[in-house]
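Peer 1: got a sequence here, can you model it:
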Amino acid sequence: MSLYNLSSSINIRIYYEDTDAGGVVYHSKYLNFAERARAEFLRNLSLEQTFIKEKYNVQFLVKSLKVSYILACKLDDKIKLVTDLESINRAKLCFRHTFYKDKKEISEILVTLCCVSNTGKVARMPKSLYHKILNFG
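Peer 2: Model (predicted):
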């Protein structure tokens, strides 16, 4: 669980398009699922990415990833993806994505996002946005 009590989850069904020739989820698909989960995390805070870009003139870009694959996932599996905000400051957000299948952890992704202005330069998150995120915790 997040230090900030900020957590969300989504359920994912594994489709044919998500798998490799052996019927196992292709490794890069986990990154797609995590991206979707972060978007839903922000949406749950009433902070859609387009709204952040328009109102606060910033965006969040992936700075670093650490991926651990523990167990395989296959076609037609149902998985749960829990997203926790691990840390936040005005320059970055750090998330932990934990994937579960049948209540067993199958993968984990640690993602650091940095804040950039709409012109693409590294920027500090506006105080109002920073506090809006923290006040949901």
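Peer 1: which other helices and strands does the lowest-mean-pLDDT helix or strand in the chain contact?
Peer 2: The helix or strand of the chain with the poorest confidence is helix 127-135; it has a mean of 92 (mean pLDDT, DSSP states H and E). On a contact count with 3 or more Cβ pairs under 8 Å, 6 or more residues apart in numbering; DSSP states H and E, helix 127-135 meets strand 78-88. C-beta here means a position set from N, CA and C on the backbone, and glycine is covered the same way.
Peer 1: need the contact partners of the strand it packs on.
Peer 2: Strand 78-88 has contacts (Cβ atoms under 8 Å, 6 or more residues apart in numbering) with 1-4, 6-14, 33-34, 37-38, 40-41, 73, 93-101, 106, 110, 130, 133-134, 137.
Peer 1: quick one: the helices in the chain?
Peer 2: 29-44, 49-51, 127-135 (DSSP state H).
Peer 1: return the most buried member of the ones you listed.
Peer 2: Most buried of those, by mean neighbour count (mean count of other Cβ atoms under 10 Å): helix 29-44, with a mean of 18.
Peer 1: thank you kindly, that will do.
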